[in-house]
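> Turn this into a model:
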Amino acid sequence: MIDESSGHLLEPDDYLDGPYEYNPIENEYGSSRFYNSRKCVTSLDSLTYEEAMTKYGDTLVVVASIEDRWHALAPHMPITYLYQMMPINYCLLELIGKSRENGQMSVGKTNLHKIIKTPRHYSITENI
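Below you'll find the model as predicted:
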């Protein structure tokens with residue numbers, strides 16, 4: 001969104017998926033504040049959309065495999081590159097991917113400063 005009088009970018013009042021919250025998962029690639037409370041649901045194949053929404057509401061989250069997530073974020077690179085990355089770098093890549101998919105800006109409430117807080121971290125990630 002752009003302020004018509006000044007031409008400056010504006011942050012939306014609401015986000016499509018909420019502001020990204022940085023909460024890295026130990027020994028995993030990704031970030032989720034709900035990771036430890038998640039439950040694996042395998043019976044969705046037999047439910048209609050309406051039944052799934054009635055049963056789970058806004059608590060249902062579909063998570064792709066690490067291979068599918070990597071392919072969505074870096075389709076031109078083999079997955080072996082993923083295992084050379086530090087978790088913070090993967091979280092940055094994931095944040096950029098979410099922002100692009102949802103049309104969010106990388107400034108303000110959703111910007112990269114939520115993850116990288118010190119200039120020292122910038123030099124580490126620039127080389128990746």
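> So for residue 102, what's the pLDDT?
You'll see residue 102 listed with a pLDDT of 69.
> again with residue 55
In the predicted model, residue 55 carries a pLDDT score of 89.
> which ones are touching it?
residue 47 (Cβ atoms under 8 Å, 6 or more residues apart in numbering). (Each C-beta comes from the backbone N, C-alpha and C, glycine too.)
> Helix, strand, or coil at it?
For residue 55, the assignment made with DSSP: H, G, I helix; E, B strand; the rest coil gives helix.
> how far away is it from residue 37?
To residue 37, residue 55 is 17 Å away according to Cβ to Cβ, to the nearest Å.
> Using CSV, write down the CA coordinates of the longest helix along the chain.
As assigned by DSSP state H, the longest helix anywhere in the chain is helix 87-102. Extracted in CSV, the C-alpha atoms of helix 87-102 (Å, rounded to 0.1, in the frame of the first residue of the first chain):
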residue,chain,number,x,y,z
PRO,A,87,18.9,-22.5,11.0
ILE,A,88,18.8,-18.7,11.1
ASN,A,89,19.6,-18.5,7.4
TYR,A,90,16.8,-21.0,6.6
CYS,A,91,14.4,-18.9,8.7
LEU,A,92,15.4,-15.8,6.8
LEU,A,93,14.8,-17.5,3.5
GLU,A,94,11.4,-18.8,4.8
LEU,A,95,10.5,-15.2,5.9
ILE,A,96,11.3,-13.8,2.5
GLY,A,97,9.3,-16.6,0.9
LYS,A,98,6.3,-15.9,3.1
SER,A,99,6.5,-12.2,2.5
ARG,A,100,6.6,-12.6,-1.3
GLU,A,101,3.8,-15.1,-1.4
ASN,A,102,1.5,-13.0,0.8
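> any weak-confidence spans in this structure?
Within the chain, the stretches with pLDDT under 70 are 1, 11-20, 102-128.
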